Structures are given as C-alpha cells and as structure tokens.
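Asks: need a structure here:
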Amino acid sequence: QVQLVESGGGSVQAGGSLRLSCTTSERTFTTYSVGWFRRTPGNEREFVAAITWRTGTPYVSYFVQGRFTISRDIAKNTVYLQMNNLGQQDTALYYCAAGTELTHNDYSYLYWGQGTQVTVSS
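Replies: Here you go, the predicted model:
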C-alpha cells in the first residue's frame, strides 16, 4: 500500500503562488507516474498535471499550462506542483495520486492522498 501525503496548501490572494508537495516515505515512486487532481464542491475531480517518476516527463492540463509546473525531486521522493498566478477558479481540494501510466484519467491512478486545500481570494 502506497501512502501519499500532500502539503503546501493554504490561502492566497489572486495572482499569488503556492507550491504543493506530494511525498511518500517509501521508495515506491520508482515505477509510477504521479499526478495532481483537484475537486471543487459539487464537481467531479479534474486532472491538473502528472509526471513520470523515472524520466520526469510532464503532462500538464491545458487550463493551467503556463501557470502550473510539475516536477520531482528524486532524492526527497517528492513531487511538486508549483502554482503561479493563481485565480479564484483554482480554489479546490488538491490531491496527488500514484499510477502506472502518464494519463489524465483518474481511474488509472491506484493510490491517493487525502488532499490539501487551496483557497484563492480576490
């Protein structure tokens, strides 16, 4: 069982930045891709970005391209989501997930964290 822990969420004003982290205490990212998803109340979970652990290949959703960047730190077993120029539309509960392929489909991800809240105010 892979346990994922997100951190870095919080409240920020529009135009601000946050960096989310997703880490596991186990050396289990080696064969996985790690993705970020978000959910707002009443809406389905939506894909934000993902990255392959071995090669660091990123896959970023079109609606955050140019503002969000995904990266990984192998030594720290951590995946980051750098979020810049945040808008109120980015307010959501952000989850990281580990899966076996680089994809935007949430059903392909096997393990999920508990989520970290991001709130953007005007």
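Asks: packing partners for the host helix or strand of Tyr80?
Replies: According to DSSP states H and E, Tyr80 maps onto strand 78-83. Contact here means 3 or more CB pairs under 8 Å, 6 or more residues apart in numbering; DSSP states H and E; on that basis strand 78-83 packs against strand 18-23, strand 33-39, strand 46-52, strand 68-73, strand 92-99. Heads up, the C-betas are built off the backbone N, CA and C, glycines and all.
Asks: so what strands line up beside it?
Replies: Strand 78-83 has its sheet partners listed here by DSSP bridges as strand 18-23 (antiparallel), strand 68-73 (antiparallel).
Asks: Tell me what angle the last one forms with strand 46-52.
Replies: The directions of strand 68-73 and strand 46-52 differ by 30 degrees, with axes from the mean of the first three to the mean of the last three CA atoms, to 10 degrees as the criterion.
Asks: before we move on, what about the first one?
Replies: Per the same axes, to 10 degrees, the angle that strand 18-23 makes with strand 46-52 is 60 degrees.
Asks: any residues touching strand 18-23, and which ones?
Replies: Around strand 18-23, the neighbours that count as contacts under CB atoms under 8 Å, 6 or more residues apart in numbering are 4-10, 12, 34, 36, 76-83, 86, 94, 96, 113, 116, 118.
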